[in-house]
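Visitor: My questions are about this predicted structure, shown below with the sequence.
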Amino acid sequence: MRLLIIEDYRPLRQSLTKGLQEAGFAVDTTGDGQEGLWYATSNDYDVIILDLMLPGMDGLTILKKLRAKGRKSHVLILTAKDTLQDRITGLDLGADDYLVKPFAFEELLARVRALLRRSYRQKNPHIKIKDLQIDLTTQKVRRGHEEIQLTPREYALLGYLAMRRGQTVSRTDIWEHVYEFKSTASSNVVDVYVGYLRKKIEQPGKAPLIHTVRGRGYTLGVQP
Amino acid sequence: MKPSLQIRLVVGVVSAVLLLLIVFSVGIYTVIRGALLRQFDASLVSIAQILAASVEVDGNEIELEFEAQQMPEFQDRNRPTYYQLWHLDGTVVAKSSLLDSSELPRLSGSLTKPDFRTIKGSGGRVERVAGFSFIPRLSNDDDRKPTEQQPLTLAVARDSTSVLSQLRFLQWLLFFASAAVTALSVLVAALTVRQGLRPLTAIADEIASIRENDLATRIGTEGVPGELLPIKDRLNDLLSRLEDAFKRERRFTADVAHELRTPLAGIRSTLEVTLTRIRDVNEYQASLSDCLTISKNMQRMMDNLLTLARLDARQITFRRVRIELAELVSSCWMSFSERALEREIIFENNVPLKMTYESDPEKLSMVMSNILDNAVEYTDRGGHIWLTAHQSRDSIEIIVSNTGCKLTSEEALQVFDCFWRGDASRANTGDHFGLGLGLVQRIVRALGGSVSAELQNGGIFAVRLTFPNKNMSK
């Protein structure tokens, strides 16, 4: 799951980036409005966390331009502007959520998770594929009764595949939603990480859950 | 409290009506009374003349024609007319039988200009007497000429009670009519005045309905009478000024809240993210020092806000000390020299060494520090900051200039607005709250000076401080 943070206040931007990365998200950040718009239009972010008072270009303009270009990223406005009118304006311009500073980081996380579930039409925060259970809130993964320990990157990969379970997910999609812009890794790492994930998830004697679709990508789920 | 307009107007109108009525009534009464009395007198005189004409002197006999004595006026007992005729020596020649024993007064008018008098007659009646002396005519059938013509005196009296009662009736009529009109005028005036003052009441109601949160409303939008236009305009002016003041106040409060929310969010989220898991000492130290920096910045902002508030409330007292300007500038520069060195900024203090100025050293230092802080922050790497001062006969001028300004000249006018952060291309590092130059402006004003900012060719930004020279000494 890939996020973009457009926030000009450095301490807040740094702590948000750290917290969200630790929560398993791929996070891009910028403190400038125009750069933010460039990021937002050139990548397919799942959620954009947007401050309103920004140098370069203000948040509402970014939001307008983004929606005018037909971008479907979910936008969470994170601002110190707390009046009813500000909230209404923000939401009516196409934002999906509005959070006023100062806020609890836990709440921001929960809202980001909720926006992600909405992106993938996943109402239930517990995903179950055969005996594989993924709790999107606690990020706990179980196969049968056995709890599986995953690294944040592995969890991000599994989470993304699980959100799009049953569909064929291309390597590019995975690359775009699990890796950050500044990431130095090449797209080969997708195959490497899928390999790591298979080792942890697949169990002998059970039908495989991660399938390779030749030339197109991967599918998570039971092969018909 | 002054009596209400309504009462004043009603009293005024009613008094005027009353005065007019009195003048009018007295006038009418006088005219009618005069006419009635003249008419009465004329009829009295005409009777007297008829009577005088019927007196004949026949030798030494004086005769009153019988027809004259028998005129109906002399017979009516209810409204009697009397006459009495005297010789010149006062002996009564004849008098009406109705007079009985009473006498009429002898008056000394002439036939053409009789005398009149009002007397009390019998039975309490008021009677009017006309009297004159005349030469009686001689009997026609008497050829003898009297040796001399003896003038006679005639008085004719008539009961004037009916005329007086008519006049009394007129008095009462006028009195009651006036009273009624006055009473009616009170009613009409009250109604008219209330009606006329309705626009005032309407405006009062409009004003009363204005609350502090809807100062955008204006009164008298549906039109007011011309007399109230100035009041309406002044009130609306007042309302717009109030609205502006409230707006500024609200925006300032909102700005303060906004400026406090952001660093607070920074502290909170830094701490919360740090606490999500067990970390090593270095990470804790980094988070804590981040939070400490933010708190220090917040504290500086609070101090500035407090100074602003106290300046606005005039709670700050100023000292007066002779200040060596060059020295003050140098000591202010100390706290920025390191930052300037880091960014390779060259600073020139060109203030003449012996220039002194009498002012408050702490406040002037605050002004200088804020301007220098601003200058160091916005000067380009390797740029220049220079400070000059001149004095003239009536003012002292200190100019702080720096290179690397990216503002437009319109933006340069905004730098003194609180919370306005000029350079939009710079990210918010949390170190500057846009209060510095706003504070500078208010302190300088409180010190009796003025401050302006201008953009010069080549991206040079100059802040010009001007103080009156009256307390300057060399």
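Guide: Cool, got the structure.

Visitor: Quick check, B:Val367 in contact with B:Val444.
Guide: Yes. Proximity of B:Val367 to B:Val444 meets the contact threshold set by Cβ atoms under 8 Å, at 5.9 Å. For glycine as for every other residue, the C-beta is placed from the backbone atoms N, C-alpha and C.

Visitor: got any residues that touch both of the two?
Guide: B:Leu465 (Cβ atoms under 8 Å, 6 or more residues apart in numbering or on different chains).

Visitor: quick one, which of these two is more surrounded?
Guide: Using other Cβ atoms under 10 Å in any protein chain shown, the more surrounded residue of B:Val367 and B:Val444 is B:Val367, with 29 against 22.

Visitor: Now for that one: which residues touch it?
Guide: Per Cβ under 8 Å, 6+ apart, neighbours of B:Val367: B:Val440, B:Ile443, B:Val444, B:Leu447, B:Leu465.

Visitor: Can you flag the buried ones in these?
Guide: The neighbour count (16 or more other Cβ atoms under 10 Å in any protein chain shown) marks B:Val440, B:Ile443, B:Val444, B:Leu447, B:Leu465 as buried among the contacts of B:Val367.

Visitor: Would you agree the fourth one is in contact with B:Glu358?
Guide: Meaning B:Leu447. No. Counting by Cβ under 8 Å, B:Leu447 sits too far from B:Glu358 to count as a contact (10.7 Å).

Visitor: Tell me the one among the buried ones among the contacts of B:Val367 nearest to chain A.
Guide: Checking the buried ones among the contacts of B:Val367 against chain A with Cβ to the nearest Cβ, the nearest one is B:Val440 at 22.7 Å.

Visitor: So B:Glu344, which state does it fall into?
Guide: Put simply, B:Glu344 is coil when judged by DSSP: H, G, I helix; E, B strand; the rest coil.

Visitor: Let me see the contact set for it.
Guide: For B:Glu344, the contact set (Cβ under 8 Å, 6+ apart) comprises B:Arg381, B:Gly382.

Visitor: and it, how far is that from chain A?
Guide: 23 Å (Cβ to the nearest Cβ, to the nearest Å).

Visitor: Nearest to A:Val178 among the contacts of B:Val367?
Guide: Closest approach between the contacts of B:Val367 and A:Val178, by Cβ to Cβ: B:Val440, at 50.9 Å.

Visitor: give the contact list for that closest one.
Guide: Applying Cβ under 8 Å, 6+ apart to B:Val440 gives the contacts B:Val367, B:Asn370, B:Ile371, B:Phe416, B:Val451, B:Val463.

Visitor: Most neighbours among these, which one is it?
Guide: Result: B:Val367 is most packed of the contacts of B:Val440 (other Cβ under 10 Å), 29 neighbours.

Visitor: What residues of the host helix or strand of that one count as buried?
Guide: Using DSSP states H and E, B:Val367 sits in helix B:361-378. Under the neighbour-count criterion of 16+ other Cβ under 10 Å, helix B:361-378 has B:361, B:363-364, B:366-378 buried.

Visitor: what do you get for stretch A:124-132?
Guide: Buried, per 16+ other Cβ under 10 Å, within stretch A:124-132: A:Ile127, A:Ile129, A:Leu132.

Visitor: Dump the buried ones among the contacts of B:Val367 to TSV, plus pLDDT and secondary structure.
Guide: Below are the buried ones among the contacts of B:Val367 laid out as TSV (pLDDT from 0 to 100; DSSP: H, G, I helix; E, B strand; the rest coil):
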residue	pLDDT	secondary structure
B:Val440	86	helix
B:Ile443	86	helix
B:Val444	88	helix
B:Leu447	85	coil
B:Leu465	90	strand
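
Visitor: picking up where we left off before, pick out the most distant pair among the contacts of B:Val440.
Guide: Farthest apart among the contacts of B:Val440 - using Cβ to Cβ - are B:Val367 and B:Phe416, which lie 12.3 Å from each other.

Visitor: for the chain, what are the low-confidence residue spans?
Guide: In the absence of a named chain, this looks at chain A. By pLDDT under 70, the low-scoring segments of chain A are A:182-187, A:223-224.

Visitor: My question was about chain B, not that one.
Guide: Residues of chain B meeting the criterion pLDDT under 70: B:1-2, B:59-60, B:66-68, B:139-149, B:418-434, B:470-474.

Visitor: mind listing the helices for it?
Guide: Taking DSSP state H as the criterion, chain B carries its helices at B:5-53, B:66-69, B:72-75, B:161-196, B:198-208, B:229-275, B:281-312, B:325-342, B:361-378, B:409-412, B:436-446.

Visitor: can you tell which of these is closest to A:Gln139?
Guide: That would be helix B:229-275 among the helices of chain B, by Cβ to Cβ, at 16.1 Å.

Visitor: relative to helix B:198-208, how tilted is the closest one?
Guide: Relative orientation of helix B:229-275 versus helix B:198-208 (axes from the mean of the first three to the mean of the last three Cα atoms, to 10 degrees): 10 degrees.

Visitor: starting at the chain centroid, how far to helix B:229-275?
Guide: Distance of helix B:229-275 from its chain centroid, counting by Cα atoms, centre = their mean, to the nearest Å, is 36 Å.

Visitor: now stretch B:283-291
Guide: So, by Cα atoms, centre = their mean, the centroid of stretch B:283-291 is 67 Å from its chain's centroid.

Visitor: Is it in proximity to chain A?
Guide: Yes. Against chain A, stretch B:283-291 shows contacts by Cβ under 8 Å from any Cβ of the partner chain at B:Ser287, B:Asp290.

Visitor: Only the buried residues of that stretch, if you could.
Guide: B:Ser287, B:Asp290, B:Cys291.

Visitor: Show me which of the residues you listed is closest to B:Asp76.
Guide: Distances from B:Asp76 to the buried residues of stretch B:283-291, taken by Cβ to Cβ, are shortest for B:Cys291, at 127.9 Å.

Visitor: Run through the residues of the stretch 151-300 of chain B sitting next to chain A.
Guide: Contacts of the stretch 151-300 of chain B with chain A, taken as Cβ under 8 Å from any Cβ, map to B:254, B:257-259, B:261-270, B:272-274, B:276-277, B:287, B:290, B:293-294.

Visitor: Let's see that with 10 Å instead.
Guide: Counting by Cβ under 10 Å from any Cβ of the partner chain, the stretch 151-300 of chain B comes close to chain A at B:254-255, B:257-277, B:283, B:286-287, B:290-291, B:293-294, B:297.
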